[in-house]
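[1] From the sequence below, what's the structure:
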Amino acid sequence: MKIEMAEANRILTPGIGSFKRWMSKASLDAGTLIPDGDSSCSSSDSHNVLAHNALLSVRSKNWISACEDAKKSIEIRPSAMGYIAKALAHVGKGELKEAILVFDLVFRNCDPKESNLLLLIKAIILCVAEKYDEAISRVQDLITISGDDETMYCYIQVLGKMYLMQGDYTPAVQLLERGQALASSCTGYDLETITFIFGWTFGVEETTEAFLKILDTFGEEMRASEVTTEWVMDLKRKFVDVLEALGDTALSSGEHDNAIARYTTSLSLDPANPIDIIVKRSKARASKGLWEDALTDANEVIKRDPSSHRGYERKYAALHGAEDYDEANNALLHMLSIIESSPDAEIWRLRANYTTPRETIAAIDIAIPEIFGLCPLVLIDLTTGRLCNAEERIQIFKSETPFKKLVSETATRKIDCVHIRQSVAKYFKWIMFSHTWEGREPTLKDVNLVNSVWELDDSPLNEKLRQFCTTASEDGYRWAWSDTCCIDKDTSAILSQSLIAMYSWYEKAEETLVYLADVLSSAELGDLALTNSRWMTRAWTLQELLASKVIRFYNREWKLYLNDTHANHKESPAIKQELAKAMGVAPETITSFHPDDLGVREKLRLASTRKATVEEDIAYSLIGIFSSNIVPRYGLGKTALGELLENIVARTGDVTVIAWTGKSLPYNSALPASLAVYSQVPYSPPPMEDSELDTCVEQLRTQLASQDALAFHYRVAQLPRATFGNRCLQLPCIAFYVTKISVQEPGGNQGTLYRATVSSLGKVEFRTADVMPLKKPRKLVFVHPWLRDLHHTLDGFVSEDERETESDAGSGDGTDDASAPASPLPAEPSAPVDRFTQALRLISRLGREFNALLFEQQPNRQYKRVAAEEEIIVRGVPHKTNPKDIKVKVLEII
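    Below you'll find the model as predicted:
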């Protein structure tokens with residue numbers, strides 16, 4: 001480590017106190033030389049750098065380097081650290097006389113209190129030089145003048161170490177044992193200094209080592225001595241207790257190496273009851289990941305006491321850590337059997353801390369159906385290439401390590417259903433494939449015929465599937481899905497179920513991999529290769545893009561699009577921006593789409609540019625995006641689109657679905673023949689400014705009778721939302737009947753231009769290819785169905801969801817309005833606007849121009865849409881119109 005040189009620079013030439021302060025900054029295990037050119041060291045610190053490096057060289061027994069660095073340090077500036085390092089270097093070189101002479105220089109002007117540590121170090125130098133008697137004598141002299149326990153503790157430990165090195169074990173044990181008695185009240189600071197300089201260690205292990213060597217020197221007669229036996233047993237008990245306690249402290253503080261060493265030394269003393277210590281050592285070894293050693297200890301415990309549950313507990317832990325889960329579970333069951341059969345109530349109560357494999361498996365079996373309810377019906381096992389249904393995947397799971405690990409790891413805690421579900425979900429996570437079909441793609445039958453995607457014949461399309469599987473496997477996936485081979489298209493029920501669930505499969509998948517077959521690897525940012533790819537034009541890929549939470553694009557060569565290495569290309573600024581611009585949506589729509597985030601009309605716009613090979617797929621590819629519950633059935637043709645649009649209106653009441661121009665769908669005349677019409681934004685007048693609205697209200701206040709205005713407001717407020725079922729649309733609207741109609745321009749490619757005289761609206765022109773009933777104009781009616789444009793909460797309107805009941809006004813039979821009651825609306829004490837003003841505000845908004853729809857009455861009083869070639873934009877209702885003359889209806893459209 002680097003020494004803090006600002007502190008080291010304060011070392012005085014002879015000052016041992018300064019040396020101590022330096023030691024407080026230097027770690028005992030400091031083993032890194034400070035480079036000569038270290039920028040953190042000033043020129044005035046260079047002598048300390050050299051002295052520090054010299055001491056480290058001493059520790060590594062590089063005597064020549066140590067001597068050179070120490071000499072340079074002293075030449076620059078004499079210091080205690082430099083002299084000590086040089087003296088030790090001489091000792092290492094066998095030059096004891098020179099070492100003593102150098103060391104004596106440290107004592108110049110030294111404080112008497114500080115000189116004692118230097119005398120001790122000098123004695124140790126003699127000991128290192130194997131001058132044991134002289135070294136021991138010097139330390140004994142120091143002990144006689146020791147003035148406090150801290151100093152005494154240091155001297156005793158050093159003296160004991162010297163006797164141990166000399167081979168005189170009896171006094172060594174006595175001294176080291178005496179030192180242990182003082183250890184609890186002493187810091188051992190000076191011993192840390194000695195440890196740093198000489199590498200000596202001090203502890204109960206040294207005492208034990210000495211004790212064992214003493215025992216080895218005993219003859220038979222001494223061993224048989226009663227006095228010796230009592231002394232040995234008493235000392236053994238003390239050592240065992242101390243070592244075990246030190247091991248416990250180390251284990252609890254996470255110092256596993258120390259714990260193992262203490263327990264091992266304790267066991268070397270052959271304790272009377274070793275099982276507790278072996279159990280603890282097994283635990284410490286397991287904490288270090290030493291599974292084989294931990295298992296050896298566990299088996300030793302079982303051997304010594306087969307009836308104890310603790311040996312099997314440790315055996316389970318060791319085997320679980322070694323990932324031998326079958327044997328771990330066997331050990332667990334054996335342990336639980338011992339616990340459950342124990343007559344000891346305290347042991348029996350331990351059973352509550354464990355969960356049997358059977359209990360865990362039962363919890364897993366509950367979680368699996370929940371997970372599989374979200375999974376595709378069939379997935380590719382990337383390990384074997386086989387197509388696996390749910391039952392087969394479960395069998396594979398229960399035969400493999402993740403399942404066994406989950407069962408094993410749950411044993412020592414209560415069943416955590418959340419953890420189990422997460423673990424099961426993690427195993428069964430899958431990746432989806434998104435691409436465009438290019439011909440005869442490999443089917444489920446094709447893969448099952450050869451039993452693996454890896455065994456398919458060589459062909460470009462088979463290779464595309466294999467490359468997807470290879471890429472997915474390299475990314476760490478076990479399960480994958482492709483629409484080519486993971487759907488049994490010959491079974492209509494399975495095909496239908498798959499199409500309905502497909503949005504959810506992409507949404508719940510871990511990731512979607514997109515293959516852009518027509519994008520070259522040379523594509524660069526700005527080329528808009530993704531925007532112009534065929535993948536961006538297909539019907540099914542819209543939901544695959546929007547539903548997927550994580551997506552990555554690959555070009556024709558199976559390289560990442562634009563070489564973009566983002567884990568999720570939806571989070572890539574460049575790709576996200578390109579997608580958002582191409583689709584005309586906010587970037588947030590790309591990253592976090594939800595079916596409820598966009599309005600019906602906006603989602604129809606996104607779908608309007610998409611194409612499908614099979615006509616029904618135009619509708620079925622949107623089931624998830626619209627949260628529709630229609631049942632896919634091929635062979636319906638355009639009827640499939642009609643069913644989808646009907647379902648959208650039925651579920652949402654959103655009539656913007658019928659805002660289009662062009663040809664009608666045979667399914668229902670209010671619906672378009674193609675989604676392409678939704679690429680155009682329907683006309684919507686700008687909202688009225690508050691000032692304009694206020695002006696209109698004040699004008700109408702003097703023109704209209706309050707009773708008439710309130711009655712009209714009531715009729716509009718009571719209209720139900722639009723409903724759609726059995727191909728019939730119940731359309732709430734404000735109706736304007738045609739009183740006269742004439743041809744303005746004869747028909748052509750753009751249809752015939754007609755002029756109609758309309759009640760409350762005046763002259764209206766429109767163009768259509770349909771033939772209009774010129775002699776029966778009353779069969780025609782223009783309608784304003786955009787009631788949401790008229791509604792405002794300040795005007796007494798509430799959303800459909802807030803209505804407790806729906807009025808039966810306008811039951812859908814096309815009859816005239818019922819008369820309004822005298823007091824049409826209940827009082828609302830907290831209403832911010834009075835009722836009359838609310839009604840006037842509604843009538844003011846009706847005076848704005850709007851996009852009218854034209855319908856023709858049928859013989860059964862139902863209506864059909866007249867398909868106009870252009871939007872019919874009409875002026876609003878003139879303010880002079882009496883509200884009683886404005887019809888509020890629910891028309892039945894077929």
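[2] gap between Pro343 and Ser307?
    If you measure Pro343 against Ser307 using Cβ to Cβ, to the nearest Å, the figure is 11 Å. From N, CA and C alone the C-beta is placed, and that goes for glycine too.
[3] who has more neighbours, these two?
    Counted by other Cβ atoms under 10 Å, Pro343 and Ser307 do not tie: Ser307 has more neighbours, with 9 against 6.
[4] Checking the closest residue to the more buried one other than its chain neighbours next. Helix, strand or coil?
    Among residues not flanking Ser307 along the chain, Ile338 sits closest, at 6.7 Å (Cβ to Cβ, 6 or more residues apart in numbering). Three-state assignment for Ile338 (DSSP: H, G, I helix; E, B strand; the rest coil): helix.
[5] Surely Ile338 is in contact with Tyr312?
    Yes: counting by Cβ atoms under 8 Å, Ile338 does reach Tyr312; the two are 6.7 Å apart.
[6] how about the residue nearest to the spatial centre of the chain, what does it touch?
    Taking Cα atoms, centre = their mean, the centroid of the chain lies closest to Glu510, which sits 10.7 Å from it. Contacts for Glu510 (Cβ atoms under 8 Å, 6 or more residues apart in numbering) come out as Lys429, Trp430, Ile431, Tyr477, Val550.
[7] still on that earlier bit, out of Ile338 and Tyr312, name the residue with the larger neighbour count.
    Neighbour totals were compared for Ile338 and Tyr312, and Tyr312 leads with 24 against 19 (other Cβ under 10 Å).
[8] which residues of the stretch 751-894 of the chain fall in strands?
    Under the criterion DSSP state E, counting those that start in this stretch, the stretch 751-894 of the chain contains strands at 752-758, 762-768, 780-784, 850-857, 863-865, 872-874, 887-893.
[9] of all those, which lies closest to Ser522?
    Ser522 lies closest to strand 850-857 among the strands of the stretch 751-894 of the chain, at 47.2 Å (Cβ to Cβ).
[10] now the closest one and strand 887-893, what's the angle there?
    60 degrees (axes from the mean of the first three to the mean of the last three Cα atoms, to 10 degrees).
[11] OK, contacts around Leu840?
    So Leu840 contacts Cys696, Val697, Leu700, Arg701, Leu704, Ala709 (Cβ under 8 Å, 6+ apart).
[12] Give me the next element, helix or strand, following the helix or strand hosting the second one.
    Read it as Val697. Per DSSP states H and E, Val697 falls inside helix 690-701. Sequence order places helix 706-717 as the next helix or strand after helix 690-701, per DSSP H and E.
[13] Which strands or helices does that next one pack on?
    Applying 3 or more Cβ pairs under 8 Å, 6 or more residues apart in numbering; DSSP states H and E, one finds that helix 706-717 contacts helix 835-846, strand 887-893.
[14] from the middle of its chain, how far away would the longest one be?
    What it means is helix 835-846. Distance of helix 835-846 from the chain centroid (Cα atoms, centre = their mean, to the nearest Å) equals 53 Å.
[15] do the last one as well
    Between the mean C-alpha location of strand 887-893 and the chain-wide mean there is a distance of 52 Å, by Cα atoms, centre = their mean.
[16] one step back: who wins for most neighbours among the contacts of Glu510?
    Among the contacts of Glu510, Ile431 has the most neighbours (other Cβ under 10 Å), with 27 neighbours.
[17] Following element in sequence after the longest helix along the chain, please.
    The longest helix of the chain (DSSP state H) is helix 226-252. Moving toward the C-terminus from helix 226-252, the next helix or strand (DSSP H and E) is helix 256-268.
[18] So for that next one, mean pLDDT?
    Averaged across helix 256-268, pLDDT comes to 91.
[19] The helix or strand following that helix versus helix 226-252: what angle between them?
    Elements were assigned by DSSP H and E; along the chain past helix 256-268, the next helix or strand is helix 275-287. Going by the same axes, to 10 degrees, helix 275-287 is angled at 30 degrees with respect to helix 226-252.
[20] Following element in sequence after helix 275-287, please.
    helix 291-304.
[21] Which strands and helices lie in contact with that following helix?
    Applying 3+ Cβ pairs under 8 Å, 6+ apart, we find helix 291-304 packed against helix 275-287, helix 309-321.
[22] nearest to Leu461, of the ones you listed?
    helix 309-321 (46.2 Å).
[23] tell me what the helix holding Val697 is packed against?
    Helix 690-701 packs on helix 835-846, going by 3+ Cβ pairs under 8 Å, 6+ apart.
[24] can you tell me the average pLDDT over the helix it packs on?
    pLDDT averaged over helix 835-846 gives 93.
[25] so where's the stretch 501-650 of the chain uncertain?
    Scanning the stretch 501-650 of the chain for pLDDT under 70 picks out no residues.
[26] follow-up on the earlier one: return the set of buried residues in the longest helix of the chain.
    By neighbour count on 16 or more other Cβ atoms under 10 Å, the buried set for helix 226-252 is 232, 235-236, 238-240, 242-244, 246-248, 250-251.
[27] How about stretch 531-545?
    Ser533, Trp535, Met536, Arg538, Ala539, Trp540, Thr541, Leu542, Gln543, Glu544, Leu545.
[28] Show me which pair in these is furthest apart.
    Ser533 and Gln543, at 16.8 Å, using Cβ to Cβ across these.
[29] Distance from the chain centre to stretch 683-699, please.
    That offset, for stretch 683-699, works out to 50 Å (Cα atoms, centre = their mean).
[30] do stretch 732-742 as well
    Stretch 732-742 sits 59 Å away from the centroid of its parent chain (Cα atoms, centre = their mean).
[31] try stretch 307-319
    Relative to its chain's centre, stretch 307-319 lies at 35 Å (Cα atoms, centre = their mean).
[32] CA atoms only for that stretch, dumped as PDB, please.
    This file holds the C-alpha atoms of stretch 307-319, laid out as PDB (Å, rounded to 0.1, in the frame of the first residue of the first chain):
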ATOM      1  CA  SER A 307     -28.300 -40.300  15.800                       C
ATOM      2  CA  SER A 308     -27.600 -36.600  15.700                       C
ATOM      3  CA  HIS A 309     -29.400 -34.500  13.100                       C
ATOM      4  CA  ARG A 310     -26.500 -32.000  13.000                       C
ATOM      5  CA  GLY A 311     -24.200 -34.100  10.900                       C
ATOM      6  CA  TYR A 312     -26.900 -34.600   8.300                       C
ATOM      7  CA  GLU A 313     -27.800 -30.900   8.400                       C
ATOM      8  CA  ARG A 314     -24.100 -30.000   7.600                       C
ATOM      9  CA  LYS A 315     -24.000 -32.800   5.000                       C
ATOM     10  CA  TYR A 316     -27.100 -31.300   3.300                       C
ATOM     11  CA  ALA A 317     -25.500 -27.800   3.300                       C
ATOM     12  CA  ALA A 318     -22.200 -29.100   1.800                       C
ATOM     13  CA  LEU A 319     -23.900 -31.200  -0.900                       C
END
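[33] phi, psi of Leu729?
    Main-chain dihedrals, Leu729, degrees, to the nearest 10: phi -100, psi 120.
[34] How confident was the prediction at the closest residue to it other than its chain neighbours?
    Excluding the flanking residues, the one nearest Leu729 by Cβ to Cβ, 6+ apart is Ile893, at 4.1 Å. Predicted confidence (pLDDT) at Ile893: the value is 98.
[35] what do you get for Glu134?
    91.
[36] That one: neighbouring residues, count only.
    Neighbour tally, Glu134, other Cβ under 10 Å: 11.
[37] which residues touch it?
    Ala123, Leu126.
[38] Recalculate using a threshold of 6 Å.
    Contacts for Glu134 were tallied using Cβ atoms under 6 Å, 6 or more residues apart in numbering; they are Leu126.
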